[in-house]
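Colleague: Sequence and predicted structure below; questions after.
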Number of protein chains: 2
Amino acid sequence: MSNIKDVAEKADVSTATVSRVLNNPHTVKNETKKRVQKAIQEIDYQPNMLGRNLRRSSTRMVMILLENVSNPFYSRVIRGIEQIALENDYYIVICNNNSDPAQENTYLNLLRSKVLDGVIMMKPELSKKKLQELGSRFAVVQCCEYIDDLDIPFVSINNKKAAYSAVKHLLDQGHQNIGFISGGQNVPSAQQRKKGYKYALQESGITIKQKYIKNGTYGYKGGMEKTRELLSLKEKPTAIFAISDITAIGAIKTIREYNLKIPDEIAVVGFDNTSISRMYNPELTTIAQPRKEMGQKAMQLLIDIIQHNEIKNKNIFLDHKLIIRESSKN
Amino acid sequence: MSNIKDVAEKADVSTATVSRVLNNPHTVKNETKKRVQKAIQEIDYQPNMLGRNLRRSSTRMVMILLENVSNPFYSRVIRGIEQIALENDYYIVICNNNSDPAQENTYLNLLRSKVLDGVIMMKPELSKKKLQELGSRFAVVQCCEYIDDLDIPFVSINNKKAAYSAVKHLLDQGHQNIGFISGGQNVPSAQQRKKGYKYALQESGITIKQKYIKNGTYGYKGGMEKTRELLSLKEKPTAIFAISDITAIGAIKTIREYNLKIPDEIAVVGFDNTSISRMYNPELTTIAQPRKEMGQKAMQLLIDIIQHNEIKNKNIFLDHKLIIRESSKN
DNA sequence: TTGTATGCGTTATCAC
DNA sequence: GTGATAACGCATACAA
């Protein structure tokens, strides 16, 4: 493959001038510029970014590190990130950690070794301490999932409030026995949402019953299993608040096995407003997060860090929205 | 940040020796090695891959270029790719083209400029000619979606046969009027599947009616709209074969609006066996592709190209499987 | 087994 | 407006 020297020879200029045509065209005399551009065309020259990156010590590549792209929640967040990235000439690459700390660490080595200019972390596997360390040395932003007593900027919603509004909606519908199927025990957002669940009940003077709180995973199967447990209780819940839409759909599947009517005999509320919530039968009541905007804010934050811009607000909370559909209201 | 020279000074060796410890440890005397490793620890040295990459003219980074990660079909394919990549010390980065040729081209510049060692293309926006050109100069593999008269290796299923088996299943259930909701007009797999649809009908001596063939998109809304068109025909189809699971679910949604019973009054078959097909109500009959294996084969193929290994088979077809569920059979 | 020296391809500083 | 050249950090051919 040809390099900048070949172009320079072909156009009878120095490599410096070729570089200028590439990066600061306005500083080159028009005539010279034309000659260089012609040469570039003729020998089909493509700048080698490996050289450029080394020289500049920057790649304009930014990674989105998430659990797994199969999680439908992320798609719109990614869109938001991509939009801002594109506008600012950054490349976005997405990497899965597959919930494996070792795999996550492998990808983070791309950051440590300068291949990436920054990273947006969606659901870190890293220990708090290591995350702090990483954030202190490299450009890192937390998005959606976050740990707030670190000095790492984040964009998220107020999960406690969001869960509160979901449960409040069920209370308003007259439900008293409300089950909660949570996510992973050590996932911050799940803990925050549990607080919101409890707070809503307390506020209404309802005793919190541990038997109604199930810690599970975010998955479909988890939703099925935990619902089976809830429905085998003597005093069955008349409503279930699930940590994600998929979990809620697992719940509905099980409810169907028990031949209970939704929402008449039992109501279900999910979380995330993923596309399936609108497509499912019955359509699912859920909490919408401003996913695209979260991505946009996160990427802007990351750019500000990379470029050492002043950052006004390192902790950004955006508004959620309760979306009421068939699964909780006739 | 410290570099290889700092380590060399600290350990009182040459940079060459440090490099050897990093890359060919067995060629260094044990005692020296220990000293170097200690120095690396002490100054917390992390090799700068920008330098290494330039020197080696390789990054061990490989891109999966797809339409959008939100498509649930890809998740298991990606898993397969990741598995083989991990085993062979390659980094996998995923990029969306968002069906935008310009965006795709931007990402492909990473390949052209040597930032990537290769790319697996899931659904190219590139013109056939440009794809051919790209494949002739760089390591490229087509996966799932493919154009077969190019000299670019691919891994896929036999879409015609797969569609045939879906339609044959419906015929076996006694259906004669079978609608087909296709994908994009210029998507190879959609064309191939249409052939399979037609072939199955012909084989059974059934006249192909254009009114039963709807060209749409792969989406939910497309499924809804096209089904509305099909159900407003005087002679309604009693079965619908959809190009994807999501499209099939859109179809079901509309069928429900018409208060038709599935599968008694109308049967539905999807394509891809994505997780939603099992979760949906009713559970969806569909065609399963060996997604993980497709990913594995594609990545192995790509590695073989990158490393200039001999390649026995450049065109790999894997077996599909018909999965019969509630939406087509009681 | 180790050190010296070179070059990968580019950009940016400095001089003209 | 342009050219000469150093430097980015590393791996490797060659010499010792």
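Modeller: Thanks, I have it.
Colleague: the strands in the stretch 201-330 of chain A, which residues?
Modeller: A:213-215, A:239-242, A:267-269, A:286-288, A:315-318, A:321-323 (DSSP state E, counting those that start in this stretch).
Colleague: among those strands, which is the most enclosed?
Modeller: strand A:239-242 (a mean of 30; mean count of other C-beta atoms under 10 Å in any protein chain shown). In short, each C-beta sits where N, CA and C put it, glycine included.
Colleague: picking that back up, could you dump the strands of the stretch 201-330 of chain A to a markdown table with mean pLDDT and distance to residue B:182?
Modeller: Shown next, in a markdown table, are these (pLDDT from 0 to 100; distance: least, C-beta to C-beta, whole Å):
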| stretch | mean pLDDT | distance to residue B:182 |
| --- | --- | --- |
| strand A:213-215 | 95 | 43 |
| strand A:239-242 | 98 | 35 |
| strand A:267-269 | 98 | 35 |
| strand A:286-288 | 98 | 31 |
| strand A:315-318 | 97 | 39 |
| strand A:321-323 | 98 | 32 |
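Colleague: Now do the contacts for the residue in the stretch 151-300 of chain A that DNA strand D sits nearest to.
Modeller: Going by C-beta to the nearest atom of the strand, DNA strand D is nearest to residue A:152 of the stretch 151-300 of chain A, at 24.8 Å. Residues near residue A:152 by C-beta atoms under 8 Å, 6 or more residues apart in numbering or on different chains: A:131, A:132, A:135, A:140, A:141, A:142, A:146.
Colleague: Could you tell me whether it really is in a strand?
Modeller: No: Residue A:152 is assigned coil when assessed by DSSP: H, G, I helix; E, B strand; the rest coil, not a strand.
Colleague: Mind checking which of the contacts of residue A:152 are in helices?
Modeller: A:131, A:132, A:135 (DSSP state H).
Colleague: Which member of the residues you listed is positioned nearest DNA strand D?
Modeller: The nearest one, if we look at those relative to DNA strand D and count by C-beta to the nearest atom of the strand, is residue A:135, at 21.5 Å.
Colleague: Chain neighbours aside, what residue packs nearest to that closest one?
Modeller: residue A:152 (3.8 Å; C-beta to C-beta, 6 or more residues apart in numbering or on different chains).
Colleague: coming back round to it: nearest to residue B:260 among the strands of the stretch 201-330 of chain A would be which one?
Modeller: Closest approach to residue B:260 among those (C-beta to C-beta): strand A:267-269, 25.5 Å.
Colleague: Angles on the backbone of residue A:11, please.
Modeller: Phi and psi for residue A:11, reported as degrees, to the nearest 10, are phi -90, psi 0.
Colleague: need the contact list for the residue nearest to it when sequence neighbours are not counted.
Modeller: Nearest residue to residue A:11 in three dimensions, chain neighbours excluded: residue A:39, at 3.8 Å (C-beta to C-beta, 6+ apart). Residue A:39 makes contacts with A:7, A:10, A:11, A:18, A:45, as judged by C-beta under 8 Å, 6+ apart.
Colleague: just checking, which of the residues you listed belong to strands?
Modeller: Using DSSP state E, no member of these sits in strands.
Colleague: Now render those residues as CSV, adding neighbour count and pLDDT.
Modeller: As requested, the contacts of residue A:39 are arranged in CSV below (neighbours: other C-beta atoms under 10 Å in any protein chain shown; pLDDT from 0 to 100):
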residue, neighbour count, pLDDT
A:7, 26, 97
A:10, 18, 96
A:11, 22, 97
A:18, 27, 98
A:45, 19, 97
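Colleague: wait, which of those residues is closest to residue B:96?
Modeller: For the contacts of residue A:39, the nearest to residue B:96 is residue A:45 (28.1 Å; C-beta to C-beta).
Colleague: ok, now which ones touch the residue of the stretch 101-250 of chain A found nearest chain B?
Modeller: Of all residues in the stretch 101-250 of chain A, the one sitting closest to chain B is residue A:113 (3.9 Å; C-beta to the nearest C-beta). Residue A:113 makes contacts with B:46, B:47, B:48, B:49, B:50, as judged by C-beta under 8 Å, 6+ apart.
Colleague: now the strand or helix carrying the last one against helix A:49-56, angle please.
Modeller: When secondary structure is defined using DSSP states H and E, the element that contains residue B:50 is helix B:49-56. Regarding helix B:49-56 and helix A:49-56, their directions subtend 140 degrees when assessed with axes from the mean of the first three to the mean of the last three C-alpha atoms, to 10 degrees.
Colleague: What lies in contact with helix B:49-56?
Modeller: A:50, A:51, A:53, A:54, A:57, A:59, A:110, A:113, A:114, A:115, B:59.
Colleague: From the chain's centroid, how far away is it?
Modeller: Taking C-alpha atoms, centre = their mean, to the nearest Å, one finds the center of helix B:49-56 at 30 Å from the center of the full chain.
Colleague: One more: stretch A:284-296?
Modeller: 10 Å.
Colleague: next helix or strand past the helix holding residue B:50?
Modeller: Past helix B:49-56, the next helix or strand by DSSP H and E is strand B:61-66.
Colleague: Setting aside sequence-adjacent positions, which residue approaches residue A:292 most closely?
Modeller: residue A:80 (3.9 Å).
Colleague: Relative to residue B:85, how far out is the one you found?
Modeller: 27 Å (C-beta to C-beta, to the nearest Å).
Colleague: same check, this time on residue A:225
Modeller: Applying C-beta to C-beta, the value for residue A:225 to residue B:85 is 33 Å.
Colleague: May I have stretch A:226-241 exported as CSV, CA atoms only?
Modeller: The C-alpha trace of stretch A:226-241 is given here as CSV (Å, rounded to 0.1, in the frame of the first residue of the first chain):
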residue,chain,number,x,y,z
LYS,A,226,-40.4,-15.8,40.5
THR,A,227,-44.0,-15.4,39.5
ARG,A,228,-44.6,-19.0,40.1
GLU,A,229,-43.3,-18.5,43.6
LEU,A,230,-45.5,-15.5,44.1
LEU,A,231,-48.6,-17.2,42.8
SER,A,232,-48.1,-20.2,45.0
LEU,A,233,-48.3,-18.0,48.1
LYS,A,234,-51.5,-18.4,50.2
GLU,A,235,-52.1,-14.7,49.9
LYS,A,236,-51.4,-14.1,46.3
PRO,A,237,-50.3,-10.6,45.1
THR,A,238,-52.8,-8.9,42.9
ALA,A,239,-50.1,-7.0,41.1
ILE,A,240,-46.5,-7.5,40.1
PHE,A,241,-43.9,-4.9,39.4
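Colleague: Which residues does it contact?
Modeller: For stretch A:226-241, the external contacting residues (C-beta under 8 Å, 6+ apart) are A:163, A:166-167, A:170, A:173, A:175-181, A:197, A:211-212, A:214, A:216, A:247-248, A:250-251, A:254-255, A:258, A:260, A:265-269, A:328.
Colleague: Try it again at 7 Å.
Modeller: Here stretch A:226-241 makes contact (C-beta atoms under 7 Å, 6 or more residues apart in numbering or on different chains) with A:166-167, A:170, A:175, A:177-181, A:197, A:211-212, A:214, A:216, A:250-251, A:254-255, A:258, A:266-269.
Colleague: Which of those fall within helices?
Modeller: A:166, A:167, A:170, A:197, A:250, A:251, A:254, A:255.
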